[in-house]
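In: Need coordinates for the following:
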Amino acid sequence: MKAEPTPDPLGRVQFVAGKDGRYTFAMIPIEDYEKLFLQQIARSAAPMLNDPDYEWFEFDDVRAMFAGQKIAAARKAKALTQAKLGKLVGMPQSQISRLEKNPDASSMKLIKKVAKALGVPASKLI
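Out: Okay, the predicted model is just below:
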């Protein structure tokens, strides 16, 4: 006796039967698949939240770390030295160097100024 699949109240799932008549596959919209996939990732990551062996970082700090790399790449793409970019922004080369090597969450105002000087949206740098 073949088992009937669980009914889909929204009618978005298509069930596929094999040669023996048993349902072997279910096709779902990609949006539903992505939600299920992300839920599974969250479920597998949840135990790490209370594990003392994992080190967690503040989102703004991580975003700032990547901003430094992106600023350096954008500056080099414009063929600018740190000194030339500093002149465009109105600050010393040393501050541009610090921003590229060790930015922090407090660097957001500076990142906006740098983005304007480089002619790119700030969102591209963070």
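
In: buried set for the strand or helix carrying residue 64?
Out: Assigned by DSSP states H and E, residue 64 belongs to helix 59-77. Buried residues in helix 59-77, counted by 16 or more other CB atoms under 10 Å: 64, 67, 68, 70, 71, 72, 74, 75. Where C-beta positions appear, they are placed from N, C-alpha and C, glycine not excepted.

In: For the closest residue to the third one other than its chain neighbours, give its distance to residue 95.
Out: In this structure, residue 68 finds its nearest non-sequential neighbour in residue 103, 4.3 Å apart by CB to CB, 6 or more residues apart in numbering. Applying CB to CB, to the nearest Å, the value for residue 103 to residue 95 is 11 Å.

In: The two: which is more packed in?
Out: residue 103 (24 against 15; other CB atoms under 10 Å).

In: contacting residues for the more buried one?
Out: 64, 65, 67, 68, 71, 111 (CB atoms under 8 Å, 6 or more residues apart in numbering).

In: excluding its backbone neighbours, what's nearest the residue most central in space within the chain?
Out: Among the residues of the chain, the one closest to the centroid is residue 63, at 9.3 Å (CA atoms, centre = their mean). Spatial nearest neighbour of residue 63, chain neighbours left out: residue 126 (5.5 Å); criterion: CB to CB, 6+ apart.

In: Look up how far residue 17 lies from the one you found.
Out: On the measure of CB to CB, residue 126 and residue 17 end up 50 Å apart.

In: ok, these two, which is more surrounded?
Out: residue 126 (18 against 12).

In: So the more buried one is in contact with residue 62, correct?
Out: No - with contact defined as CB atoms under 8 Å, residue 126 does not reach residue 62; the gap is 10.5 Å.

In: Can you give me the distance of residue 60 to residue 78?
Out: Counting by CB to CB, the gap from residue 60 to residue 78 is 26 Å.
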